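Participant: sequence unavailable; structure follows:
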DNA sequence: AACTAACCTATACTTCGGTTTAGGAATGGG
DNA sequence: CCCATTCCTAAACCGAAGTATAGGTTAGTT
């Protein structure tokens, strides 16, 4: 059996709904297309288990025991858990929908919904998460490199990405030019930057010293 | 009278609704807080008049004579008219709301709505447009500079922003190194780039030759 | 035919970037 | 106390970048 037929990469879907029958049917539906599924009856239950490294998304009923799905969405953001969310609702209204979408929800489905709509939403959510992870991983790598810099090297990096010459940097930092060159060389090696152009792009990704745009 | 009291910058709101009374009340509401307002009874009417240079937004009833507001939204995108849209609806449902929000609507208000909700939405929309314009203007300036480059200069610019050395560029283009230097110097002057760092940021803004990611 | 723009090249020179080698000083941990 | 790290500097050197100056070709315009 080819376990990874439809899911070329691992995809995990978390379902949070207090209705066991909904959980069961979603579980079956999602597994049928190759997603790994974990279901929970409440937000708390979900929070207690931790999420692995797969591309994932969260299917949430707006009405949960104890907490509103919308509030839970905000709570996750506050906790820095960035998981694409698909909302379901039995008695949703427009303001609720708008609020959820503004807060970044992938989709908002009114029950009952068509299976295909849910599958499409999940596919979109998983894809979004996959891209976000990819981007986040790249930035994390850069952060590691950047963290290995000494204070002086970090400082020089800012000035280099600003477009200053060694001479100017030396003057600003109260150093001799040759010292700047040393710091600069060490910095470039540690950052694994082959050129200033590379370095500038890294700095942009790290959110360091913007300039033109 | 201080005409620009509440509106520190000019803001223009387009209202498209087939109901004249709605148009009138929105016109009055929006003018009261300092927005310039133009109302139209149909999408076509709006399209025939052209939009000026102010920061602006569009208030649209989802149900318009002849065309759906959602379809009109898509049409505007196709026409490359990027105006923040606030939808109003009397009989809206959740799928409609989701579709509009996914397509980039700023807000989606169910009638009747509170005046303050509309004013908040308009303020957010205007602000979004202001930022978009600012960004677009900056890019337009860059495009003008870039358009003034000769083909060779453009080519050299790509290679420079990739981080290549003059020697390598020369080899790739089948030129002598000195010729590359000339093109490069002319290019930097025409682009008004004081440094490679500057140039790289310009290239990013122009969407030219990405590198690191 | 005269002119302009874009293109290519060379010599010569200056400045800038970068590495190597070789030190000295301060800090903090084992 | 020794050791590692960070920090600063210098001399010497090489290669890369950049700027004249001076020339040439081709193609299209007037």
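Facilitator: Received, thanks. Here the structure is a predicted model, which means the values were calculated and not measured. Residues are numbered from 1 along each chain as shown, chains lettered A, B, ... in the order given.
Participant: alpha carbons only for contacts and neighbour counts from here, please
Facilitator: Fine.
Participant: does the residue nearest to residue A:109 when sequence neighbours are not counted belong to a helix, a strand or coil?
Facilitator: Leaving aside its sequence neighbours, residue A:109 sits nearest to residue A:88 (Cα to Cα, 6 or more residues apart in numbering or on different chains; 4.8 Å). Recorded secondary structure, residue A:88: strand (DSSP: H, G, I helix; E, B strand; the rest coil).
Participant: care to break chain A down by domain?
Facilitator: Domain assignment for chain A by automatic domain parsing gives A:11-134, A:148-206.
Participant: residue A:59: neighbouring residues, count only.
Facilitator: 27 (other Cα atoms under 10 Å in any protein chain shown).
Participant: if we can go back for a sec, and of the domains of chain A, who's closest to residue B:79?
Facilitator: domain A:11-134 (24.8 Å; Cα to Cα).
Participant: can you give me the end-to-end distance of the closest one?
Facilitator: Start to finish, the residues bounding domain A:11-134 are 14 Å apart (Cα to Cα, to the nearest Å).
Participant: regarding residue A:56, what is its secondary structure?
Facilitator: Under three-state DSSP, residue A:56 falls in the strand class.
Participant: show me what it is bridged to.
Facilitator: residue A:12 (DSSP bridges).
Participant: and the residue lying farthest from the centre of chain A, what does it touch?
Facilitator: Among the C-alpha atoms of chain A, the one farthest from their average position, using Cα atoms, centre = their mean, is that of residue A:176, at 42.4 Å. Counting by Cα atoms under 8 Å, 6 or more residues apart in numbering or on different chains, residue A:176 touches residue A:170.
Participant: how much space between it and DNA strand C?
Facilitator: In this view, residue A:176 and DNA strand C are 11 Å apart by Cα to the nearest atom of the strand, to the nearest Å.
Participant: before we move on, what about residue A:41?
Facilitator: Relative to DNA strand C, and taking Cα to the nearest atom of the strand, residue A:41 is found at 47 Å.
Participant: residue A:58 reaches residue A:15, doesn't it?
Facilitator: Yes. Residue A:58 lies in contact with residue A:15 (Cα atoms under 8 Å); the separation is 5.9 Å.
Participant: most centrally placed residue in chain A?
Facilitator: In chain A, the residue lying closest to the centroid (Cα atoms, centre = their mean) is residue A:132, at 4.3 Å.
Participant: check what pLDDT residue A:150 gets.
Facilitator: As predicted, residue A:150 sits at a pLDDT of 88.
Participant: same check on residue A:50?
Facilitator: As predicted, residue A:50 sits at a pLDDT of 71.
Participant: how close does it sit to DNA strand C?
Facilitator: Per Cα to the nearest atom of the strand, residue A:50 is found 33 Å from DNA strand C.
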